[in-house]
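> Kindly return the folded structure for what I paste below:
(one chain, ligands or ions: 2)
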Amino acid sequence: MAETSDQNQRSEVPKFAVVGQVNEGKSSVLATLVEEGDQAKIRVSEMPGETARSQSIGLEINGRKVLEFIDTPGFQRARQALAWMKEHHEQAGDTRALAESVQAFVEEFAGSRDFEDEVRLLQPVLAGAGIVYVVDGSKPVRPNHLAEMEILRWTGRPRMAILNNKSSAEGQFAGDWKKHLGESFNLTREFNAHRARFGERIRLLQHLLEIEEGHREGIEQTIRLLQQEWQQRRNDAADVMVELLEKCLTRQACRNVSGDQIKQRGKREQMVEDLSEQYRQEIRKVEEKQHRRLLDIFHHSEAVPQIEGQSAEAMGDLFAKEVWQVLGLNRGQLVMTGVVSGAAVGLMGDLAIGGLSGGIPTLIGGAIGGGFALWKGQALAEIAVSNPLTPGGKTRLGGVRLCAGPPKNPNFPWVLLDRVLFYYQNLITRAHGRRDAFVIDLSVLERSGEKGHSGYSSRFSSARRKSLGKWLSALQPDKVAPSAEDESQAWEEICLILKEVEDGDL
Ligand SMILES: Nc1nc2c(ncn2[C@@H]2O[C@H](COP(=O)(O)OP(=O)(O)OP(=O)(O)O)[C@@H](O)[C@H]2O)c(=O)[nH]1
Ligand SMILES: [Mg+2]
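Ligands and ions are numbered 1, 2, ... in the order given. You can find the predicted model right below:
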């Protein structure tokens with residue numbers, strides 16, 4: 001049933017006009033399909049008539065256009081348009097004559113105020129584009145829809161219908177829609193502008209290319225390119241995560257202080273607090289930057305994610321105790337993983353000065369004998385501070401270098417990893433056609449957190465925790481960096497994790 005025209009065959013890439021009744025979600029479907037989240041580029045609005053002129057939008061893979069779409073204004077007066085065509089149609093039953101009467105309609109009303117939108121949407125179709133007809137399947141089929149379907153059938157162009165259910169009342173009218181659409185379209189598929197993910201996008205593109213026979217040979221190549229490009233994004237995302245962990249676990253906030261300063265308890269406490277805060281700020285910035293890079297990788301550069309949830313304010317912050325209570329590994333898993341905490345540096349210092357009086361050990365480390373009990377409440381994310389004193393309890397000549405970071409708790413890398421994975425999951429399920437606020441709802445974690453740890457890492461297999469743990473243990477300030485082999489193994493493991501997150505298998 002697929003038809004082609006010389007013009008479309010000659011054009012470099014297949015071309016499709018996205019048509020349908022005004023306000024049914026044409027622009028939203030297109031924006032999701034080509035991953036265009038920028039409102040300035042594809043306008044989506046609850047106000048009918050938002051798309052006033054036809055606009056060409058390319059689907060590009062690595063900068064190369066593989067498909068072209070034309071976003072068009074919606075049908076406003078399809079029944080009247082069809083009535084005109086019927087009146088001016090002479091040879092009943094002749095498909096060429098049907099197309100000619102559509103052509104005659106466009107010629108008659110081009111440039112006039114009558115049927116302005118119908119003319120604009122039919123022009124690219126008559127010029128050789130295939131048709132993507134979008135309907136809101138959650139509403140009933142109306143006479144106007146039937147007229148639209150008939151006009152589109154008359155054009156004789158290859159055409160596909162998309163059921164975009166704008167509300168959840170889907171099933172109710174589906175049968176009726178499918179019956180009518182089946183009579184006029186080569187294919188009918190469901191595709192939701194607000195929920196479609198990569199797999200659905202690819203399947204839809206595949207169907208589009210199938211109905212456009214003239215480009216069949218290019219189908220497989222385009223699909224392969226799209227899949228490769230997605231794989232590349234996943235690899236890039238794993239790079240971002242490896243870098244995030246490396247930076248956060250090896251970074252410290254340091255300053256040189258004189259022997260006199262360190263001896264004064266008040267000053268010392270203030271310096272430790274200031275440095276810890278400096279460390280936390282730097283890490284928050286690193287995390288934010290890496291999260292932003294993920295947005296760019298997944299073509300969501302314009303998005304401004306908002307954290308929501310009951311305790312959104314608290315949960316939004318990496319160092320909040322609420323976050324540490326629900327993310328990362330549980331106690332048993334941590335012990336089994338054998339990850340040495342980033343605090344090892346500080347801890348050893350504490351041991352060395354453990355016998356000293358004067359409050360310095362508690363101030364600096366406080367971890368000795370505390371064990372897991374320390375990780376309750378506020379202490380969960382307590383920052384390790386390196387020992388500024390020599391084992392003899394003296395400052396070195398000319399002062400000392402005081403360093404803060406990373407947190408003592410060995411759960412730190414797992415909390416970081418869980419946060420970035422949760423972010424990733426939100427990102428890849430965010431359809432580009434949506435124009436509402438991009439909300440990352442942390443209450444999901446809070447709810448499951450009532451039962452214990454609810455992040456991804458607590459569900460990792462023990463083999464996976466061990467293999468990542470090996471690499472994480474080697475990431476410590478002032479230590480030799482992990483081997484390239486450990487790093488690439490960790491990267492590969494993270495790639496697998498990302499695939500599982502995408503497939504909902506984790
Ligand atoms: N909930 C939901 N809303 C949708 C969906 N698709 C579109 N919408 C909303 O429906 C309204 C119209 O969407 P558009 O994409 O602008 O529709 P259009 O057909 O291009 O409209 P015109 O250009 O005015 O003809 C917008 O408020 C969209 O956010 C969907 O799948 N789910
Ligand atoms: Mg539109």
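> residue boundaries of the helices in the stretch 1-150 of the chain?
For the stretch 1-150 of the chain, the helices defined by DSSP state H, counting those that start in this stretch cover 6-10, 26-34, 78-87, 95-109, 116-126, 143-155.
> Comparing the ones you listed, which comes out most buried?
Neighbour counts (mean count of other CB atoms under 10 Å) averaged over each of these peak at helix 26-34, with a mean of 27. C-beta: built from backbone N, CA, C; applies to glycine.
> I'd like to check the angle between that one and helix 116-126, please.
30 degrees (axes from the mean of the first three to the mean of the last three CA atoms, to 10 degrees).
> Identify all contacting residues around helix 26-34.
18-20, 36-37, 42-44, 50-51, 57-59, 69, 71-72, 74, 132, 134, 162, 164, 191, 193-194, 196, 201, 204-205, 431-435 (CB atoms under 8 Å, 6 or more residues apart in numbering).
> So which of the helices of the stretch 1-150 of the chain is nearest ligand 1?
Proximity to ligand 1 (CB to the nearest ligand atom) singles out helix 26-34 among the helices of the stretch 1-150 of the chain, at 3.3 Å.
> Quick one: distance of the longest helix belonging to the chain to the chain centre.
Using DSSP state H to define each element, the chain has its longest helix at helix 216-250. Centre-to-centre, helix 216-250 and its host chain are 13 Å apart (CA atoms, centre = their mean, to the nearest Å).
> same deal with stretch 290-298?
Distance, centroid of stretch 290-298 to centroid of chain: 8 Å (CA atoms, centre = their mean).
> And for stretch 402-420?
24 Å.
> what does the stretch 51-200 of the chain have sitting close to ligand 2?
Within reach of ligand 2 by CB under 5 Å from the ion, the stretch 51-200 of the chain has these residues: residue 51.
> quick one on the thing from earlier: looking at the helices of the stretch 1-150 of the chain, which one has the lowest mean pLDDT?
Least confident of the helices of the stretch 1-150 of the chain, judged by mean pLDDT, is helix 6-10 with a mean of 45.
> what does the stretch 351-500 of the chain put close to ligand 1?
Proximity of the stretch 351-500 of the chain to ligand 1 (CB under 6 Å from any ligand atom) is limited to residues residue 435.
> in this structure, which ranges drop under the pLDDT threshold?
Across the chain, the ranges flagged by pLDDT under 70 are 1-11, 90-93, 169-170, 308-315, 338-381, 387-399, 447-451.
> and the most centrally placed residue in it, what is it in contact with?
Central residue of the chain (CA atoms, centre = their mean): residue 427, 1.8 Å from the mean position. Neighbour list for residue 427: 294-295, 298, 300 [criterion: CB under 8 Å, 6+ apart].
> ok, now with 6 Å
Counting by CB atoms under 6 Å, 6 or more residues apart in numbering, residue 427 makes contact with 294, 298.
> And the next helix or strand past the helix or strand it falls within?
Per DSSP states H and E, residue 427 falls inside helix 412-428. Next in sequence after helix 412-428, counting helices and strands by DSSP H and E, comes strand 439-441.
> Tell me which strands that following strand pairs with, and in which orientation.
strand 306-308 (parallel) (DSSP bridges).
> Tell me how many other residues surround residue 256.
10 (other CB atoms under 10 Å).
> what does this structure have sitting close to ligand 2?
26-27, 50-51.
> Format the residues you listed as TSV; extra columns: distance to residue 403.
Output for those, formatted as TSV (distance: CB to CB, whole Å):
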residue	distance to residue 403
26	58
27	53
50	56
51	57
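> Would you confirm that residue 240 contacts residue 295?
No - using CB atoms under 6 Å, residue 240 is not in contact with residue 295; the gap is 10.4 Å.
> What's opposite residue 257 in the beta bridge?
Beta-bridge partners, per DSSP bridges, of residue 257: residue 400.
> rewinding a little: can you state the direction angle for the longest helix of the chain and helix 412-428?
Using the same axes, to 10 degrees: helix 216-250 against helix 412-428 is 150 degrees.
> Buried residues, helix 216-250. List them.
218-219, 222-223, 226, 230, 233-235, 237-242, 244-250 (16 or more other CB atoms under 10 Å).
> just the strands in the chain please.
15-20, 55-61, 64-71, 130-135, 159-163, 187-190, 253-257, 306-308, 383-385, 400-407, 439-441 (DSSP state E).
> tell me the most buried of the ones you listed?
strand 383-385 (a mean of 29).
> Run me through the strand neighbours of it, direction for each.
Here, using DSSP bridges, strand 383-385 pairs with strand 400-407 (antiparallel).
> ok, back up a step: which other helices and strands does the longest helix of the chain contact?
helix 198-211, helix 265-297, helix 412-428, helix 484-503 (3 or more CB pairs under 6 Å, 6 or more residues apart in numbering; DSSP states H and E).
> Looking at the stretch 301-450 of the chain, what residue ends up closest to ligand 1?
residue 435 (5.8 Å).
> mind checking how far the closest residue to that residue other than its chain neighbours is from ligand 1?
Spatial nearest neighbour of residue 435, excluding adjacent residues (CB to CB, 6 or more residues apart in numbering): residue 44 at 4.9 Å. To ligand 1, residue 44 is 4 Å away according to CB to the nearest ligand atom, to the nearest Å.
> Closest approach to ligand 2 from the stretch 251-400 of the chain, which residue is it?
Across the stretch 251-400 of the chain, the shortest distance to ligand 2 (CB to the ion) belongs to residue 302, at 18.2 Å.
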